[in-house]
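Asker: show me the folded form of this:
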Amino acid sequence: KRQRLMGGRSKVIEQVQLFFSASSNPVISIFRDVLEIRAIRNELDSIAKDHAQFGNTLSMLSVAVSQKSLAPSLETGSLVIKEEVIGRDQDRDNIMRMLFDSTSNGVQETF
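Answerer: This next block holds a predicted model:
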């Protein structure tokens, strides 16, 4: 008789556990979903507060990057202002000669 009572008791416990499990009880499931939604809203409120306090720094960074990409790139060429070349006089003259002499390849003259 005692085993029958224990067996009946374990069935009651199983039914109670099943009742309070989120998968079978829609009330518990809704309660769990409400808690998740509340946590998500708190997180979004925190993000909105940070955005209001600090502004949208990411969009400012992306604007700065896009402006840099739109800026004209540095042109390379042989246009040299003689006074701006800094260095030893002979080296400077060799460099100037290599840049202005279109027929030489410049490599053989320096070595």
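Asker: what count of nearby residues applies to Arg92?
Answerer: 14 (other Cβ atoms under 10 Å). Where you see a C-beta, it was placed from the backbone N, CA and C, and this is true even at glycine.
Asker: how much space between it and Ser24?
Answerer: From Arg92 across to Ser24, the span is 88 Å (Cβ to Cβ, to the nearest Å).
Asker: ditto for Met96
Answerer: Met96 is 88 Å from Ser24, by Cβ to Cβ.
Asker: ok, the two, which is more surrounded?
Answerer: Between Met96 and Ser24, counted using other Cβ under 10 Å, Met96 has the larger neighbour count: 14 against 11.
Asker: that one is in what secondary structure piece?
Answerer: Here Met96 sits within helix 89-100, counting by DSSP states H and E.
Asker: likewise Arg38?
Answerer: Going by DSSP H and E, Arg38 is in helix 26-54.
Asker: can you tell me the average pLDDT over that helix?
Answerer: For helix 26-54, the mean pLDDT works out to 87.
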